[in-house]
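K.L.:
with the input below, show me the fold.
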Amino acid sequence: MRKNTVLIRASVGCAALAAVGFVAACGGGGDDRVGKATDATIGECITISGGGDKETKVDVDKASCDPGDRLTFYAASVIKEGEKCANENYSTLTFDDKSKLCITPNFVAGECYQIPMGSGILADYQKVACAAAPKEGSAIFKATTRTDGEPTCEGTQLAISYEIPIKVGYCLLKQGQA
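P.N.:
I've put the predicted structure just below:
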C-alpha cells in the first residue's frame, strides 16, 4: 500500500490561531487516507502527521475523535477555490486538486498543544507536555476550558469558538512561545 502524503505550509495569525495549508496529494492509499477535501466526511476527525518544515510532506488520515495521544481536527466544511472558511479561526487544507477542507481543532481541557503562530506550519499543531519547548514559529497553549459554544475566559486566556461542524469553544492559556 502506498502512503498518501500532503505538503503543508501555514500562515497563522496569533490572535485567531488560524492556519492555511497547501496540500499536494501523492497517489492512493488506504480508506483512512485523505487525499482531497471530499475524502473527509464533515464532522469526522482527521490527524496531520509528519512534516518538519514548509516543504516536507505530511500525512492526513481519518481518525477517532475520542481523546488520545494525538491532536485531532474536525472536518468542518469543504470550500471551493477562492472561498474562505466560516471565520479566521478555522485552519484550511488546500489539496493538489484545489479542493479545500476547513478544519477545527479538537482540544481537550487540561491538555497542552503546540500551535503554529505567524511563521509556523500547520504540521506544528501537536499535543505536547505543558513544559515543552515550542518549535520556532509556534507557541504552547493549555486548553483550560472546553465548552459547547462561546467560552467565557479569565484574565489573559484566549477565547476561540467554532460553529461548524459542532459548536465548540476553548479558553487557551499561553505557556511559552519560540
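
K.L.:
okay, domains of the chain per the record?
P.N.:
6-105, 112-177 (automatic domain parsing).

K.L.:
now the strands for the protein?
P.N.:
Taking DSSP state E as the criterion, the chain contains strands spanning 6-7, 20-22, 45-50, 57-63, 73-79, 91-94, 100-105, 112-116, 126-128, 138-147, 158-162, 168-177.

K.L.:
which stretches of the protein have low pLDDT?
P.N.:
1-30, 51-58, 119-120, 176, 178 (pLDDT under 70).

K.L.:
related to what we said a few turns ago, now tabulate the domains of the chain in TSV and tack on mean neighbour count.
P.N.:
To be clear about C-beta, it is placed using only N, CA and C from the backbone, and glycine gets the same treatment. Output for these, formatted as TSV (neighbours: other Cβ atoms under 10 Å):
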stretch	mean neighbour count
domain 6-105	18
domain 112-177	18
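
K.L.:
which ones are touching the spatially closest residue to E154 that is not a sequence neighbour?
P.N.:
Computed as Cβ to Cβ, 6 or more residues apart in numbering, the closest residue to E154 that is not its neighbour in sequence is C171, at 7.3 Å. Going by Cβ atoms under 8 Å, 6 or more residues apart in numbering, C171 touches 143-145, 151-154, 157-159.

K.L.:
how about 7 Å then?
P.N.:
144-145, 151, 153, 157, 159 (Cβ atoms under 7 Å, 6 or more residues apart in numbering).

K.L.:
how about P165?
P.N.:
Per Cβ under 7 Å, 6+ apart, neighbours of P165: 42-43, 74-76, 104.

K.L.:
same thing with I79?
P.N.:
Taking Cβ under 7 Å, 6+ apart as the definition, contacts of I79 comprise 85, 100, 102.

K.L.:
ok, what's across the strand from it?
P.N.:
Residues in a beta bridge with I79, per DSSP bridges, are K100.
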